[in-house]
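Participant: Below are the sequence and a predicted model; questions follow.
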Amino acid sequence: MKLKILFFLFLISTVTFSQKVSVASDTTNIRIGEQFLFQILVKDTANVIFPEKLENLTSLEIVENIKIDTFKNSLIKKYLMTGFDSGAFYIPSQQIFIKNRAFITDSILINVATIATDTTKQKMFPIKAIQNEPLVYDDFKPYVVWLLLALLLIGAVIYYLVTRKKPTITEDEGIAALAPFEEAIEKLQELDTKLLWQNNEIKKYYSELTEIVRAYIEKELKIPALEITTHELVDILSAFNKAKTIDASKETIKKLNALLQEADLVKFAKSTPLSHEIEEDRRDAEEVLYTLKPTPTIEETKDDELE
């Protein structure tokens, strides 16, 4: 009894399926490269999902995926297809969804035949030799481009050689080429034009002022004045003065010491000297430049006497 009921339900399902979804082809026999129409017909129009690509195709190809048509409360999906291999090939069963329910289509067999060639009627021609095509502009185009680029490069080089100017010495390079004393004096004058302390940039002013003095000492006396502390620098200069290797008085070294200590207080202790004190430090810096010099050698002394 149960088997009869199951068979009856299966039969009803099959009939319902056959009424809902069907497939067809305008032909089942084609020659290689010919095209044919394969279609899926669904007798419903609501919530129907067709496959964009047919699954599991073998030696058959989709040429065009045609837009869905509506006909008498039914939907028709068509695929323009072809084949390039001879033989018999199935368009396998495809899955269609109708109102979220899956339906499986029938498969269709397509026969793809070769095109027979009758060699008794078709005259055979001898193999032709390779023919050379006539030259066109595109054949010379790469060479023309490279030639133009070469000419532009040559022209640029000639233009540069003709119009180039002699190298000019910048202001900083000109100062660097001077003797240490002249270089330091020019930098002091340049510092005056910046008006740093007058615009409340006292820390920057003292940094540049002491850097000018230290750079002069380093170049003129060959002491690493830019790298050592104030105390170390003053000790070295005092030792040089005792050894008579520099031409400077104790007063000069004392003024230098006071200037560097004042600068240290401004830079590290945020001290703010008064205007007349800043001006006095500026004068002391210039006096150090004028008076702190290495002791002349015997040869230099003789040259001065001869002059």
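Facilitator: Done, it's in. Predicted, not measured: the structure shown is a model, and the values here were computed from it.

Participant: who touches residue 271 in this structure?
Facilitator: Listed by Cβ atoms under 8 Å, 6 or more residues apart in numbering, the contact partners of residue 271 are 262, 265. In this view, the C-beta of every residue, glycine as well, is placed from N, C-alpha and C.

Participant: my read is it is in a strand, agree?
Facilitator: No - applying DSSP: H, G, I helix; E, B strand; the rest coil, one finds residue 271 to be coil, outside a strand.

Participant: Next one: it from residue 277, what distance?
Facilitator: 10 Å (Cβ to Cβ, to the nearest Å).

Participant: Overlap in contacts, the two.
Facilitator: With Cβ under 8 Å, 6+ apart, residue 271 and residue 277 have common neighbours residue 262.

Participant: now for the chain, which residue lies nearest the mean position of the chain?
Facilitator: By Cα atoms, centre = their mean, the mean C-alpha position of the chain lies nearest to residue 149, the distance being 26.6 Å.

Participant: And that residue, what's its pLDDT?
Facilitator: What the model reports as pLDDT for residue 149 is 88.

Participant: Can you pull the phi and psi angles for it?
Facilitator: phi -60, psi -40 (degrees, to the nearest 10).

Participant: Where does the prediction get shaky in the stretch 51-200 of the chain?
Facilitator: Scanning the stretch 51-200 of the chain for pLDDT under 70 picks out 116-125, 165-178.

Participant: Just the helices from it, written as ranges.
Facilitator: 137-163, 171-176, 180-194 (DSSP state H, counting those that start in this stretch).

Participant: now these as a markdown table including distance to residue 97?
Facilitator: Compiled in a markdown table, those are given as follows (distance: least, Cβ to Cβ, whole Å):
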| stretch | distance to residue 97 |
| --- | --- |
| helix 137-163 | 54 |
| helix 171-176 | 81 |
| helix 180-194 | 83 |
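
Participant: which SSE is residue 30 in?
Facilitator: Element membership for residue 30, per DSSP states H and E: strand 29-31.

Participant: who's in contact with residue 86?
Facilitator: 32, 112, 113, 114.

Participant: change it to 6 Å
Facilitator: Counting by Cβ atoms under 6 Å, 6 or more residues apart in numbering, residue 86 touches 112, 114.

Participant: Tell me the spacing between it and residue 28.
Facilitator: From residue 86 to residue 28 the distance is 15 Å (Cβ to Cβ).

Participant: For the residue nearest to residue 84 when sequence neighbours are not counted, give me the pLDDT.
Facilitator: The shortest distance from residue 84 to any non-neighbouring residue, by Cβ to Cβ, 6 or more residues apart in numbering, is to residue 32 (5.8 Å). Listed pLDDT for residue 32 reads 91.

Participant: Next, count neighbours for residue 32.
Facilitator: Residues lying near residue 32 (other Cβ atoms under 10 Å) number 13.

Participant: ok, residue 224 - contacts?
Facilitator: Contacts of residue 224 (Cβ under 6 Å, 6+ apart): none.

Participant: Give me the three-state assignment for it.
Facilitator: coil.

Participant: what are the phi and psi angles of it?
Facilitator: phi -70, psi 60.

Participant: how near is it to residue 133?
Facilitator: From residue 224 to residue 133 the distance is 79 Å (Cβ to Cβ).

Participant: do residue 70 as well
Facilitator: For residue 70, the distance to residue 133 - Cβ to Cβ - is 53 Å.

Participant: Of the two, which one has the most company?
Facilitator: Neighbour totals were compared for residue 70 and residue 133, and residue 70 leads with 9 against 6 (other Cβ under 10 Å).

Participant: If that one is in a bridge, with which residues?
Facilitator: In this entry, residue 70 is beta-bridged to residue 75, by DSSP bridges.

Participant: Pick the most deeply packed of the helices of the stretch 51-200 of the chain.
Facilitator: Greatest average neighbour count among the helices of the stretch 51-200 of the chain goes to helix 180-194 (a mean of 15), per mean count of other Cβ atoms under 10 Å.

Participant: Which of the helices or strands spans the residue nearest to residue 187 when sequence neighbours are not counted?
Facilitator: Excluding the flanking residues, the one nearest residue 187 by Cβ to Cβ, 6+ apart is residue 212, at 4.8 Å. Assigned by DSSP H and E, residue 212 belongs to helix 202-221.

Participant: just residue 241 next, same as before
Facilitator: Assigned by DSSP H and E, residue 241 falls in helix 230-242.
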